[in-house]
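>>> Please work out how this folds:
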Amino acid sequence: MDARMQIALPILGTVAADAAAAAAAASAVSFSELREKSLRDSDEHEDGRFESSLSSRKSRARRKAEKEDKN
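Numbering: from 1, shown residues only. Predicted structure coming up:
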């Protein structure tokens, strides 16, 4: 193994390990956000009653209203 390879291999190993750690952290954050959104959606109440599932039409209307409220 020449000198360049002796230098390059540890550097490449470190870069690969850092990339894997970043990917794992991003996945953990994404799953956490999905779980929070799922819990938030399931906790919605209408007229004091728990609504276990919304029809797709109601869901689209709710998302559209939320989007318009942000603007």
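>>> check which helix or strand covers residue 35.
helix 3-42 (DSSP states H and E).
>>> I'd like the average pLDDT over that helix.
In this model, helix 3-42 has a mean pLDDT of 81.
>>> Just give me how far it sits from the chain centre.
In terms of Cα atoms, centre = their mean, to the nearest Å, the centre of helix 3-42 is found 13 Å from the chain centre.
>>> so what does that helix touch, helix or strand wise?
Contact partners of helix 3-42 among helices and strands, from 3 or more Cβ pairs under 8 Å, 6 or more residues apart in numbering; DSSP states H and E: none. The way it works is simple: take the backbone N, C-alpha and C, and place the C-beta from them, glycine included.
>>> So which bits of it are buried?
For helix 3-42, the neighbour count (16 or more other Cβ atoms under 10 Å) marks no residue as buried.
>>> Could you tell me how far the residue sitting nearest the centre point of the chain is located from residue 24?
With distances taken as Cα atoms, centre = their mean, residue 30 lies nearest the centre of the chain, 2.0 Å away. Remark: distance between residue 30 and residue 24 (Cβ to Cβ, to the nearest Å) = 11 Å.
>>> And residue 55, by the same measure?
With Cβ to Cβ as the criterion, residue 55 and residue 24 are 37 Å apart.
>>> Any idea how many residues pack against residue 69?
7 (other Cβ atoms under 10 Å).
>>> whoops, I mixed them up, residue 62
13.
>>> Let me know the pLDDT of it.
86.
>>> Tell me what angle the helix or strand harbouring it forms with helix 3-42.
Using DSSP H and E, residue 62 sits in helix 56-70. Taking axes from the mean of the first three to the mean of the last three Cα atoms, to 10 degrees, one finds helix 56-70 and helix 3-42 inclined to each other by 110 degrees.
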